[in-house]
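Asks: kindly generate the corresponding structure for this input.
(3 chains)
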Amino acid sequence: MPRLIPLYKELLSEFGPQSWWPADSRYEVVVGALLTQNTNWKNVEKAITNLKEADMLDPRKILKTRNPELETLIRPSGFYRQKAERLKLLSAKYLEITERMVERGRRQGGSGGVPTREELLSVKGVGKETADSILLYAFDLPYFVIDAYTRRFCEHHKLFRGKEYDEYREFFESNLPRDVALYKEYHALIVAWGKDVAVRRPFGPS
DNA sequence: GGCCAGGACACCA
DNA sequence: TGGTGTCATGGC
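Replies: Predicted structure coming up:
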């Protein structure tokens, strides 16, 4: 466990609990995960607010809406044409997953039918980071989310040096207890750290 | 007014 | 597999 837990405690005491993901529902997490791709979270908030005010934060309603209307609502999040298209694809998958979970629960009692990483990755527009964000923050499954901040964090603290997304993910997952709450908070804290570093040292890490 | 943000994908060699 | 172009808004 190369210093991951001590570092976690340092981050927690410096930045405090982040309590991610900021959302009122599971579907809102999914929507946010897609809209935040290469975009400032502030812009995503505007888009989600628009969807809420239009009473459109519902996968069935999204699927029934024409693209131009959807594009107008999510415009602040950028890349709005492709995101509108992909939000529909992801909403269809979301319905498939949640209906399956309900059915499985009814049949067997309890949980089951949760999404797999593969089925999320099969949706056009859902890459590894988005898939893992959904698995972790929307479905409480133990996948550690890797983003640009996480790579910088590893570089900065000389924890690990790799190139592939999954190399980083496996580094964290194999060196931390398999704890969903820990995964959630750790990733959020790394983002808080990354934003803080960006403000204090605008010309890059180190 | 330029740079970048909680990426993903297509296309090319 | 590695590099490059594309998608687009809003804040600083």
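Asks: okay, and A:Ile97 sits in which element?
Replies: helix A:80-108 (DSSP states H and E).
Asks: next, the buried residues of the helix or strand just after that helix.
Replies: Using DSSP H and E, the next helix or strand after helix A:80-108 towards the C-terminus is helix A:117-121. Of all the residues in helix A:117-121, those buried under the rule 16 or more other C-beta atoms under 10 Å are A:Leu120. Bear in mind the C-beta positions are built from the backbone N, C-alpha and C, glycine included.
Asks: average pLDDT across helix A:117-121?
Replies: Mean per-residue pLDDT for helix A:117-121: 98.
Asks: which strands and helices lie in contact with that helix?
Replies: With contacts taken as 3 or more C-beta pairs under 8 Å, 6 or more residues apart in numbering; DSSP states H and E, helix A:117-121 sits against helix A:80-108, helix A:128-133.
Asks: report how many residues lie close to the nearest residue to A:Trp20 once chain neighbours are set aside.
Replies: Distances taken as C-beta to C-beta, 6 or more residues apart in numbering place A:Ala188 nearest to A:Trp20, at 3.8 Å, with adjacent residues excluded. Using other C-beta atoms under 10 Å, A:Ala188 is surrounded by 20 other residues.
Asks: phi and psi next, for the residue of chain A found nearest DNA strand B.
Replies: Closest contact between chain A and DNA strand B, by C-beta to the nearest atom of the strand, is at A:Gly127 (2.3 Å). Listed backbone geometry of A:Gly127 is phi -100, psi -170, with angles given as degrees, to the nearest 10.
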